[in-house]
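Any chance you could fold what I've pasted below:
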Amino acid sequence: MKKSNGTGKVTKTVRLLLVTIILLALGPVFQAAAQEGAEAAGASEPLTETMAHLVLQIGIILFAVRAGGGLVKKLGIPSVLGELLAGVVIGPYALGGLWFPGFPQGIFPLTGGSLAVSTELYSFAAVASIILLFASGLETDLELFLRYSAAGGIIGIGGVIFSFGTGALVGVVLLGVPFMDPRCLFLGILSTATSVGITARILSDQKKMDSPEGVTILAAAVFDDVLGIIALAVVLGIVSLLTGNADGGSLSAGTILGIAGKALGIWLGFTVLGLIFSKKIALFLKLFKSTFDFSILALGLALILAGIFEKQGLAMIIGAYIAGLSLSKTDIAAVIQERIHGLYEFFVPLFFAVMGMMVNIKEIFSGPVLIFGVVYTAMAIAAKIVGCGGSGLLLGFNLRGCIRIGTGMIPRGEVALIIAGIGLASGILNEQLFGVVILMTLITTLAAPPLLNAALKLPGSGTKKPVKDDNSASMVWEFKLDEIADLVIDTLLNNLKKEGFYVQMMNIDEGLSQARKDDIALSITEEESKVTIVTSHADMPFVKTAVYEVLLDLYEAIQNLKDSSDPKSMKLELLDKNGRTREDLLSLIRAESIILNLKGNTKEEVITELVDLLAAQGKLEDRDAALAAVMQREQTMSTGMQHGIALPHGKTDGVSAIAVAVGIKKEGIDFEAVDGEKSRLFILVVSPRKVSGPHIQFLAAIGTVLKDENMREQVVNASSQERAAELLRKEGC
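I've put the predicted structure just below:
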């Protein structure tokens with residue numbers, strides 16, 4: 001009998017854990033052999049030998065991380081853990097330190113310095129960390145992020161404060177040193193960062209990404225990263241002063257505040273300058289014409305800024321993040337992300353493998369490290385639950401919702417590993433404390449899924465007051481080709497950003513993202529050729545309309561290419577950035593713009609009659625252009641809907657603001673409706689082509705009103721223009 005998928009995953013997970021435990025248990029044997037090889041190493045190798053050794057190491061690492069990442073990914077575990085474990089297995093404390101033909105000290109021998117790997121290999125990892133943080137900065141739209149993530153910000157701040165405090169206090173108690181000891185400060189920073197990828201996958205599987213808790217978790221995780229970078233800048237400034245204090249005495253509070261202020265000032269100053277001059281920087285980069293050229297040069301700017309920050313005693317990753325953040329609001333951000341993706345895929349897994357190589361297996365399984373690791377991990381988990389969950393009580397969440405938020409913030413990941421690498425390379429963290437951090441990262445990432453799943457299964461709402469829609473609805477589109485699904489998703493996400501949505505790419509490799517604007521939240525998943533969008537029932541009409549418009553635009557572009565004519569703009573319809581409600585949108589319907597008895601008997605005549613009405617009222621700047629835009633849309637695909645409704649619409653330069661006209665013909669005409677019935681109620685919408693407006697939201701809003709059969713009949717049989725307008729403007733019917 002065939003096993004279920006769930007049983008198979010559990011079996012594979014157990015096998016993987018057993019293999020890992022066996023390899024780790026053999027660690028002392030491997031380490032002893034590696035240390036003998038390191039002691040036997042003589043004078044430094046010739047340069048050509050060093051480079052040959054380096055390229056061989058990189059090649060082996062690439063195969064190892066692909067195998068390790070792919071294996072754990074099949075088990076539902078983030079690939080970063082597989083890449084980390086791959087580094088542990090092939091590293092100098094395990095297989096990499098064993099004798100091999102031509103490599104008496106092993107392919108990855110122990111070095112004599114503070115790092116377990118060669119300086120050359122660690123340099124590659126440093127470049128990888130810069131690329132990783134540069135890409136993270138590019139994905140952050142600061143303006144929209146601050147605008148729509150207030151609740152997430154409060155929860156993120158609560159989590160960072162509690163996590164930093166508890167992490168540092170664990171160091172105080174177990175190390176027996178003052179709170180301001182550099183090791184304690186680093187333990188505090190390492191406890192703050194949240195890895196949102198695994199949480200996003202769980203929320204998506206449970207169809208909870210658009211829930212109040214899901215939206216808040218994802219926003220708070222981004223705040224965690226931003227605040228973590230800021231806190232790292234401050235801590236590094238304090239640490240540089242503490243380590244430079246020759247007499248070893250304590251520093252005054254004023255001195256510490258001064259250096260912290262300087263570090264924060266450098267971070268804030270560069271960030272503000274980057275955001276102010278972001279468009280000028282983008283214009284400068286575009287002088288190089290080729291998208292490959294200016295994308296690589298953008299990465300060059302990140303490297304330069306990273307070097308400047310390192311020279312100032314701050315971490316390179318801070319400069320890299322600021323470079324990405326500065327370019328995130330420009331029109332070339334998406335292009336840069338696409339062009340550097342290959343570099344990202346090459347370098348970033350290599351970074352995690354190198355971090356794994358620096359794990360001393362013997363030390364990590366020693367009693368003191370295990371005890372320290374368990375205590376530190378337990379406090380790291382508790383800090384997120386209390387700090388993030390407790391803050392949720394102030395924002396309308398009940399205890400159930402706070403538990404969900406707290407458990408969703410538990411996983412640590414990329415940023416924590418990068419900071420740990422900085423601490424180890426600078427000598428602040430030793431091998432034992434580095435092992436503690438690795439244990440914390442592994443345990444929190446593995447513990448998060450069962451804890452969050454259990455919290456999500458708690459019955460009842462997570463908010464004190466009822467929200468718009470506790471039950472989600474999903475819509476699935478199956479495309480024949482992966483490339484078509486990619487094109488639809490890319491177009492949709494790009495234009496949602498332009499329409500005022502905050503878009504988070506939760507997991508690029510797994511095609512998982514979220515878009516949020518006001519109280520609208522969309523969870524978007526792409527699996528090969530299948531696209532799934534999850535949102536509330538109330539917002540599903542908007543989703544259907546948005547995707548429908550994308551498909552129409554793509555179809556129209558393809559038809560134009562086939563006809564060898566000029567391609568039309570493939571921009572999606574823009575939403576109103578003024579945050580209008582459905583009631584505001586429906587107020588666009590005016591009594592004077594309604595015709596109760598249309599004279600036209602064909603589609604062309606009806607559309608012309610409604611366009612002429614708007615022109616007569618002075619609402620059109622170019623009547624012919626507006627008419628042409630609506631007719632062109634009809635030629636692409638009829639806007640005749642079901643139940644006798646037609647929604648002819650178009651975008652044109654012939655209008656400066658959205659204009660709506662309504663027409664009624666009781667006997668109906670053939671409008672090529674999808675259900676084959678005659679259309680009786682016609683609502684025409686024309687919007688400016690290059691100015692954002694509530695085009696899609698209006699179509700979705702009016703469609704929601706007209707879902708009710710009784711409402712449709714009342715409108716069609718309205719005794720006056722005023723009565724028809726009043727019926728159509730009814731909110732929530």
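
For residue 58, give its distance to residue 104.
To residue 104, residue 58 is 21 Å away according to C-beta to C-beta, to the nearest Å. Heads up, the C-betas are built off the backbone N, CA and C, glycines and all.

Low-confidence ranges, the stretch 51-200 of the chain, go.
Low-confidence segments of the stretch 51-200 of the chain (pLDDT under 70): 76, 112-114, 140-150, 196-198, 200.

let's see it at 90
Counting by pLDDT under 90, the low-confidence segments of the stretch 51-200 of the chain come to 51-54, 68-85, 87-88, 91-126, 128-161, 178-183, 185-186, 189-200.

re earlier: out of residue 58 and residue 104, which sits in the busier spot?
Legend: neighbour count by other C-beta atoms under 10 Å for residue 58 and residue 104, higher for residue 58 (15 against 12).

Check which element follows the helix or strand where that one lies along the chain.
According to DSSP states H and E, residue 58 maps onto helix 47-74. Using DSSP H and E, the helix or strand that follows helix 47-74 in sequence is helix 79-90.

Give me the residues contacting that following helix.
Contact with helix 79-90 is made by 20, 23-24, 60-61, 64-65, 67-73, 94-96, 107-108, 195, 197, 349, 352-357, 359, 361, 413-414, 417, 438, 441-442, 445-446, 509, as judged by C-beta atoms under 8 Å, 6 or more residues apart in numbering.

Repeat that for stretch 632-651.
552, 555-556, 559, 573, 603, 607, 610, 626, 629-631, 668, 671-675, 677-689, 695, 699, 702-703, 706, 709, 712, 716.

Likewise for stretch 283-295?
Contacts for stretch 283-295 (C-beta under 8 Å, 6+ apart): 297-298, 332, 335-336, 338-340.

Go again with 10 Å.
Residues outside stretch 283-295 that contact it (C-beta atoms under 10 Å, 6 or more residues apart in numbering): 277, 282, 296-298, 300-301, 327, 330-332, 335-341, 343.

What subset of those is buried?
Neighbour counting by 16 or more other C-beta atoms under 10 Å classes 282, 296-298, 301, 327, 330, 332, 335-337, 339-340, 343 among the contacts of stretch 283-295 as buried.

what's the closest of those to residue 621?
Comparing these against residue 621 with C-beta to C-beta picks out residue 330 as the nearest, at 30.7 Å.

Let me know whether the closest one touches residue 337 as I believe.
No: shown here, residue 330 and residue 337 do not form a contact pair, counting by C-beta atoms under 10 Å, at 11.6 Å.

what's the overlap in contacts for the two?
Contacts common to residue 330 and residue 337, judged by C-beta under 10 Å, 6+ apart, are 138, 298.

Where does residue 427 sit: helix, strand or coil?
With DSSP: H, G, I helix; E, B strand; the rest coil as the basis, the three-state label of residue 427 is coil.

pLDDT wise, what is residue 613 at?
Listed pLDDT for residue 613 reads 92.

quick one: it and residue 686 touch, right?
No: with contact defined as C-beta under 10 Å, residue 613 does not reach residue 686; the gap is 11.5 Å.

so what's in contact with the two at the same time?
Counting by C-beta under 10 Å, 6+ apart, the contacts common to residue 613 and residue 686 are 619-620, 659, 661.

Stretch 119-139: which residues count as buried?
Quick answer for stretch 119-139 (16+ other C-beta under 10 Å): 121-122, 124-139.

The strand or helix carrying residue 687 - contacts with which helices or strands?
Take DSSP H and E as the rule and residue 687 turns out to sit in strand 679-688. With contacts taken as 3 or more C-beta pairs under 10 Å, 6 or more residues apart in numbering; DSSP states H and E, strand 679-688 sits against helix 603-616, helix 623-636, strand 645-646, strand 649-652, strand 659-669, helix 695-705, helix 709-716, helix 721-728.

Show me what the helix or strand containing residue 342 is packed up against.
According to DSSP H and E, residue 342 maps onto helix 341-357. Contacts defined by 3+ C-beta pairs under 10 Å, 6+ apart place helix 341-357 against helix 47-74, helix 79-90, helix 119-138, helix 291-311, helix 414-425, helix 431-456.

quick check: angle from that helix to helix 47-74?
In terms of direction (axes from the mean of the first three to the mean of the last three C-alpha atoms, to 10 degrees), helix 341-357 departs from helix 47-74 by 90 degrees.
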